[in-house]
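Colleague: Please find the sequence and the predicted model below.
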Amino acid sequence: MTKIIRLLFFLHAIALVPVIVWSQSNFRFAFVSDTHVGSDTGAEDLRRTVKDINSDTSLAFVVVTGDITEFGADPELQLAKNILDSLNKPWHIIPGNHDANWSESGGNSFKNVFGAETFFFDYGGYAFVGTASGPYMRMGPGQIPRENVVWLDSVLNHMPDPEKPVIFLNHYPQDSSLNNWYEVIDRLKKKNIQLILCGHGHRNHRLDFEDIPAVMGRSNLRAKQTSGGYTIVDVKNDKAMFEEKTPGTDTLKKWTEVTLSNHHFASDTSLYPRPTYQANETYKNVKAEWQYQDSSDIGSGIATKGNLILCSNTQGELYALDKTNASKKWVFKTGGKIFATPAIGNEYAVIASTDQYIYCVRVKNGSLIWKYRALKPIVACPIIKDGVVYIGGSDGHFRALNLIDGKLIWDYSGVAGFVVTRPLIYGNIVYFGCWGNDLYALNIKTGALVWKWNNGTANRMYSPAACYPVGAHGRIFIVAPDRYMTALDAASGSVLWRKQMQGVRMRESMGLSEDSSLVYIKTMEGNLYGVSSTSDSMEIAWKANMELGYEICPTAIIEKDKTVYVPTNSGLVWAIDRSSGDVLWKHKVSNGLVSCILPAGRRQVIVSTMDGKISHLRFKR
């Protein structure tokens with residue numbers, strides 16, 4: 001009798017154990033990357049690839065891993081969609097940096113056109129998981145958006161079979177070229193990750209991300225060849241074979257093979273490089289009073305009014321935090337991602353959203369006062385002066401609106417590109433750049449064009465669009481990705497001087513000293529200079545005693561009470577003594593790009609970073 005009971009107990013125990021069946025099968029799929037529709041041959045190269053894929057009945061599906069377009073423009077996205085829609089088999093797509101960083105819609109158009117910026121599907125016993133990579137609207141290292149990381153958690157943690165093999169796809173390599181590579185790697189290693197696929201490098205390349213096998217696929221562009229190309233992945237017998245395919249020919253070139261296996265990373269205790277927060281231990285004269293973590297990106301600046309801190313995020317929210325303890329006081333929800341910094345005028349706050357609306361709410365409770373609809377999404381920042389809101393758009397317009405009721409005061413409709421910057425009001429003129437190579441000066445009362453300046457290049461990526469211009473001594477100063485610093489006559493727009501520094505690469509990060517004598521510029525080599533605002537040439541009048549290393553964060557440099565605050569693309573904030581140029585302190589908030597530094601009281605600053613963190617820092621000099 002005892003034996004029978006034991007047998008029944010054993011059979012019952014077996015019934016409770018889940019049966020793991022992966023149902024792996026042999027299959028082939030097309031791996032396409034970096035199509036760059038909008039470049040000279042991008043559309044035609046993609047059409048050839050689609051035709052070639054359609055003729056191959058052995059291919060089960062297609063994955064497209066980012067940089068779908070050249071400039072993220074709406075017509076480019078729609079053209080790419082029209083071409084891909086002619087595929088005769090399922091296809092799955094994610095955006096890359098070209099689709100996100102220069103997006104006139106802040107990434108909303110990609111989601112609207114393609115349906116999503118992530119994907120998850122099962123095939124042949126494998127889970128295919130793809131996420132976006134950024135950077136969105138702010139030049140910097142790649143970053144998987146915070147909301148995509150939250151989504152990835154949900155997908156990985158709710159797979160019915162926790163041991164199911166995973167193939168992860170992203171536009172970027174999963175290394176330090178992404179600010180938050182380690183967040184994704186750590187999550188994947190808790191699962192049965194077997195392979196990572198990426199693009200971005202425009203070449204076939206076998207890679208290894210912390211012992212996870214990875215493959216970079218070539219660009220679909222023909223480059224200097226007569227035809228482009230893509231990759232066919234043949235999954236068979238626990239291996240993935242990679243072959244380069246030339247469209248319109250039978251040419252197949254096998255170039256690498258990856259063994260697909262469970263690496264059991266969950267039990268791996270080895271250490272890999274991670275961002276260091278050693279600076280916070282070294283500089284004890286600065287500390288974080290509190291830190292708030294958003295569930296999405298914060299790609300904009302912040303504003304303060306009394307005891308409230310106004311913030312916005314890529315979930316489309318404008319919200320207020322209590323300055324004392326970061327408790328959330330109210331939330332105003334819009335219909336699209338927000339990349340604008342809120343502007344405050346008296347008791348009103350104005351924000352723009354990629355849902356095409358400009359909103360005005362009450363600062364104290366977030367209640368709506370008015371909203372104004374533009375013709376396209378808005379990723380630009382408003383500014384308020386004397387009861388008037390000034391803001392550019394992605395629809396070729398720059399508008400002045402009444403702060404009280406939102407009525408249009410004037411509308412300049414001659415902008416040749418989309419606006420992302422915060423305008424500068426200097427004297428009776430409002431200045432702003434756009435992603436069409438132009439810098440505009442409009443009469444603040446009428447909106448009439450006073451002058452327009454062009455940097456002389458046809459390359460939109462060299463536009464003076466992302467820097468916040470500064471004005472001093474009758475001059476307007478800008479720094480742009482063309483590596484030039486330019487001083488223009490504020491009244492006429494004539495070039496006073498335009499200079500590149502030998503061996504030095506300048507980008508968009510700049511600012512004005514409190515006494516207006518210096519224009520601060522941060523170089524890609526990680527140096528900070530002060531350029532004389534009165535000299536007849538580019539005269540370096542000041543230099544900070546600091547070396548940041550490689551630096552591309554475009555966020556504005558701020559001086560307050562003789563302290564110069566310097567943002568970085570790695571979440572590190574530097575404070576420099578204006579008199580000596582020496583480092584007062586530095587503090588690492590996160591590993592994301594610093595999107596704003598805002599002085600907020602005596603020896604206090606509020607810092608936001610792209611990965612959704614807001615920190616209140618207090619320091620001693």
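Modeller: Structure received. Numbering: from 1, shown residues only.

Colleague: Start from the N-terminal end of the stretch 151-300 of the chain and give the helices.
Modeller: Ranges of helices within the stretch 151-300 of the chain are 181-188, 278-282, based on DSSP state H, counting those that start in this stretch.

Colleague: Reduced to three states, what does Asp52 come out as?
Modeller: Secondary structure for Asp52, judged by DSSP: H, G, I helix; E, B strand; the rest coil, is helix.

Colleague: now do Val504
Modeller: Val504 ends up coil, using three-state DSSP.

Colleague: so how far is Arg483 from the closest residue to it other than its chain neighbours?
Modeller: Nearest residue to Val504, sequence neighbours excluded (C-beta to C-beta, 6 or more residues apart in numbering): Thr523, at 5.1 Å. Every residue, glycine included, has its C-beta placed from N, CA and C. Distance of Thr523 to Arg483, computed by C-beta to C-beta, to the nearest Å: 9 Å.

Colleague: anything in contact with each of these two?
Modeller: Residues touching both Thr523 and Arg483 (C-beta atoms under 8 Å, 6 or more residues apart in numbering): Arg505, Met506, Arg507.

Colleague: buried subset of the residues you listed?
Modeller: Met506, Arg507 (16 or more other C-beta atoms under 10 Å).

Colleague: any idea which of the shared contacts of Thr523 and Arg483 is closest to Val415?
Modeller: Relative to Val415, the closest of those is Arg507; by C-beta to C-beta it sits at 22.4 Å.

Colleague: Pretty sure the closest one sits against Thr555.
Modeller: No - using C-beta atoms under 8 Å, Arg507 is not in contact with Thr555, being 10.8 Å away.

Colleague: Any stretches of the stretch 251-400 of the chain with poor pLDDT?
Modeller: For the stretch 251-400 of the chain, the stretches with pLDDT under 70 are 267-269.

Colleague: so where do the strands sit in it?
Modeller: 252-259, 286-293, 303-305, 308-312, 317-322, 328-333, 343-345, 348-352, 357-362, 368-373, 383-385, 388-392, 398-402 (DSSP state E, counting those that start in this stretch).

Colleague: would TSV of those strands with mean neighbour count and distance to Leu207 be doable?
Modeller: Listed next are the strands of the stretch 251-400 of the chain as TSV, based on neighbours: other C-beta atoms under 10 Å; distance: least, C-beta to C-beta, whole Å:
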stretch	mean neighbour count	distance to Leu207
strand 252-259	13	10
strand 286-293	15	31
strand 303-305	20	42
strand 308-312	25	36
strand 317-322	22	37
strand 328-333	15	41
strand 343-345	20	44
strand 348-352	27	40
strand 357-362	21	43
strand 368-373	15	46
strand 383-385	18	45
strand 388-392	25	41
strand 398-402	21	45
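
Colleague: domains for this protein, by residue range?
Modeller: 28-264, 340-419+421-465, 468-553 (automatic domain parsing).

Colleague: Distance to Ser608 for the ones you listed - can I get that in a markdown table?
Modeller: What follows is the domains of the chain, written out as a markdown table (distance: least, C-beta to C-beta, whole Å):
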| stretch | distance to Ser608 |
| --- | --- |
| domain 28-264 | 11 |
| domain 340-419+421-465 | 9 |
| domain 468-553 | 12 |
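
Colleague: can you redo the helices of the stretch 151-300 of the chain as CSV with distance to Val415?
Modeller: Shown next, in CSV, are the helices of the stretch 151-300 of the chain (distance: least, C-beta to C-beta, whole Å):
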stretch, distance to Val415
helix 181-188, 37
helix 278-282, 41
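
Colleague: closest to Ala466 out of the ones you listed?
Modeller: When these are compared by C-beta to C-beta, helix 181-188 sits nearest Ala466, at 24.1 Å.

Colleague: counting contacts, what elements does the closest one pack onto?
Modeller: helix 146-157, strand 165-169 (3 or more C-beta pairs under 8 Å, 6 or more residues apart in numbering; DSSP states H and E).

Colleague: Which one, of those, ends up nearest to Asp515?
Modeller: Comparing the helices and strands packed on helix 181-188 against Asp515 with C-beta to C-beta, the closest turns out to be helix 146-157 (38.3 Å).

Colleague: tell me what the closest one is packed against?
Modeller: Using 3+ C-beta pairs under 8 Å, 6+ apart: helix 146-157 touches strand 126-130, helix 181-188.

Colleague: Next, the angle from the first one to helix 146-157.
Modeller: Angle, strand 126-130 to helix 146-157, by axes from the mean of the first three to the mean of the last three C-alpha atoms, to 10 degrees: 170 degrees.

Colleague: Any chance you could list what contacts strand 126-130?
Modeller: The list of residues contacting strand 126-130 from outside it, by C-beta under 8 Å, 6+ apart, reads 22, 24, 63, 65, 92, 94, 118-122, 152, 155-156, 159, 164-170, 194, 235.

Colleague: If any of the residues you listed are buried, put those into a PyMOL selection.
Modeller: Remark: buried members of those, expressed as a PyMOL selection using 16+ other C-beta under 10 Å:
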select buried, resi 63+65+92+94+118+119+120+152+155+156+159+164+165+166+167+168+169+170+194+235
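
Colleague: on that earlier part again, Gly306 is nearest to which of the helices and strands packed on helix 181-188?
Modeller: Going by C-beta to C-beta, the one of the helices and strands packed on helix 181-188 nearest Gly306 is helix 146-157, 28.1 Å.

Colleague: Going by neighbour count, which residues of the closest one are buried?
Modeller: Arg146, Glu147, Asn148, Val149, Trp151, Leu152, Val155, Leu156.

Colleague: Also stretch 54-71?
Modeller: Residues Leu59, Phe61, Val62, Val63, Val64, Thr65, Gly66, Asp67, Ile68, Thr69, Glu70, Phe71 are the ones in stretch 54-71 that count as buried (16+ other C-beta under 10 Å).

Colleague: Format the residues you listed as CSV; extra columns: secondary structure, distance to Asn285 and pLDDT.
Modeller: Converted to CSV, the buried residues of stretch 54-71 look like this (DSSP: H, G, I helix; E, B strand; the rest coil; distance: C-beta to C-beta, whole Å; pLDDT from 0 to 100):
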residue, secondary structure, distance to Asn285, pLDDT
Leu59, strand, 61, 98
Phe61, strand, 56, 98
Val62, strand, 55, 98
Val63, strand, 50, 98
Val64, strand, 50, 98
Thr65, strand, 45, 98
Gly66, coil, 43, 95
Asp67, coil, 44, 97
Ile68, coil, 47, 98
Thr69, strand, 47, 98
Glu70, coil, 47, 96
Phe71, coil, 44, 94
